[in-house]
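S.K.: Sequence and predicted structure, then a few things I'm wondering about:
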Amino acid sequence: MSKQWWIVAAVAAVVLWFFVSIEPVLAPFFVSMVLAYLGDPIADRLEERGLSRQWAVCVVFVLLTLLVGLTLLLLVPLLGQQIGQLVEALPAVLSWIQSTVLPELQSLTGLDLSTDFDALRKAVLENWKETGTVAASVLAQVSRSGMALVGWLANLALIPVVTFYLLLDWDVLVGKVRRLLPRQWEPTAVRLAKECDEVLAAFLRGQLIVMLCLGVIYAIGLTLLGVRFGLLIGLLSGLASIVPYLGVIVGISVAGVVAFFQFGDWLVLLGVGLVFGFGQLVESTLLQPKLLGDKIGLHPVAVIFAVLAGGQLFGFTGVLLALPVAAMVMVILRYLHDTYKNSSLYDAEHESDKEPSAANEESS
């Protein structure tokens, strides 16, 4: 038995090393897997209504394509415009903070932060310009390097192709993986896989919808208030909601500074607070209970650690996979915890009590 475990560990190490080695090319495949996973339940329901798998996949694929295309057509121009306005307004915002906000803070707290903030402002502006220069040079290099541009476009074009074929054969692939499992592990592995599926469904289909709804609520509310960059701030706040309470903290801070800089009235901060308060109310009373419940079970600190660790280990691909992998790890850890609590290692006396009772039952 120990030899079998060593073989399994060696194979797992080789597989992990292989995926780490080819990490630069994995991003389109992982994105395709996520899209196929999201679309598979819809395809299954269409099959139940009489469509063949091919036609069901075609319908789902067309719906996904239209959704992504409309999102890009509607949001990219608006976000690009607001990002450009933000770049132009950044020096004025920093100067306003230095001339208006800091004196108010000094009068309230007695702390003189003007010198430190002046150095910070200069550093931010210099780094901002440097970042723009680096981005421009990277774009210029990509435009000069035909192979790099072709590779980037090829990776982008791979996503719909791989998504289509994964979605077409998703159930077949799952069945093949199940048949490859050792027979003595198969029941436990299937049970854990179902729990992981529930967690992933809650995260991918639930958390993403929660983030999208919060982003829309924040963006519409800030836009109706007339706050500049309302769409950008709202959507970024919705994305930041992947970490509990981070979205509302970041959003209300940034929106409050922008709104006060724009209107110069403390009352406008009340409107910003009401927008984010309404979003939190909708999330806690409607979105979270209906879409998530208590299936994910990830502590906010665990979420932050998972995202940072994933980015450190695997770059952008690791950031994409951090929370789904962390959710599955939590399922496995809960299983190991329950196994440990029922083992003789945890409670030797309880285990020894079981053995005599079992022996008595056999003798009777």
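M.R.: Thanks, I have it.
S.K.: all strands for this protein, in order.
M.R.: Applying DSSP state E to the chain gives no strands.
S.K.: And the helices in it?
M.R.: 2-21, 27-48, 53-96, 102-109, 114-144, 146-168, 170-180, 186-200, 208-225, 230-240, 246-263, 267-282, 300-341, 348-363 (DSSP state H).
S.K.: deepest of the ones you listed, which one?
M.R.: The highest average neighbour count among these, using mean count of other Cβ atoms under 10 Å, belongs to helix 230-240 at a mean of 22. Using the backbone N, CA and C atoms, a C-beta is placed for each residue, glycine as well.
S.K.: how far off helix 208-225 does that helix point, in degrees?
M.R.: 150 degrees (axes from the mean of the first three to the mean of the last three Cα atoms, to 10 degrees).
S.K.: quick revisit: just put the helices of the chain in TSV and tack on mean pLDDT and distance to residue 289.
M.R.: As requested, the helices of the chain are exported to TSV (pLDDT from 0 to 100; distance: least, Cβ to Cβ, whole Å):
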stretch	mean pLDDT	distance to residue 289
helix 2-21	74	37
helix 27-48	85	20
helix 53-96	79	25
helix 102-109	72	40
helix 114-144	55	41
helix 146-168	76	30
helix 170-180	85	29
helix 186-200	82	16
helix 208-225	89	11
helix 230-240	86	19
helix 246-263	84	18
helix 267-282	89	11
helix 300-341	78	19
helix 348-363	54	38
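S.K.: what would those helices look like in a markdown table with distance to residue 288?
M.R.: Formatted as a markdown table, those follow (distance: least, Cβ to Cβ, whole Å):
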| stretch | distance to residue 288 |
| --- | --- |
| helix 2-21 | 33 |
| helix 27-48 | 20 |
| helix 53-96 | 23 |
| helix 102-109 | 36 |
| helix 114-144 | 36 |
| helix 146-168 | 29 |
| helix 170-180 | 28 |
| helix 186-200 | 15 |
| helix 208-225 | 7 |
| helix 230-240 | 14 |
| helix 246-263 | 13 |
| helix 267-282 | 9 |
| helix 300-341 | 14 |
| helix 348-363 | 38 |
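S.K.: of those, which approaches residue 290 most closely?
M.R.: helix 208-225 (9.5 Å; Cβ to Cβ).
S.K.: Report the inter-axis angle for that closest one versus helix 53-96.
M.R.: Interaxial angle, helix 208-225 versus helix 53-96 (the same axes, to 10 degrees): 40 degrees.
S.K.: I'd like to know which elements helix 208-225 is packed against.
M.R.: Contacts defined by 3 or more Cβ pairs under 8 Å, 6 or more residues apart in numbering; DSSP states H and E place helix 208-225 against helix 230-240, helix 246-263, helix 267-282.
S.K.: at 10 Å instead, please
M.R.: helix 53-96, helix 230-240, helix 246-263, helix 267-282 (3 or more Cβ pairs under 10 Å, 6 or more residues apart in numbering; DSSP states H and E).
S.K.: can you state the direction angle for that helix and helix 246-263?
M.R.: Using the same axes, to 10 degrees: helix 208-225 against helix 246-263 is 10 degrees.
S.K.: For the helices and strands packed on helix 208-225, give me TSV that also has distance to residue 159.
M.R.: Compiled in TSV, the helices and strands packed on helix 208-225 are given as follows (distance: least, Cβ to Cβ, whole Å):
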stretch	distance to residue 159
helix 53-96	10
helix 230-240	20
helix 246-263	27
helix 267-282	31
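S.K.: Many thanks, have a good one.
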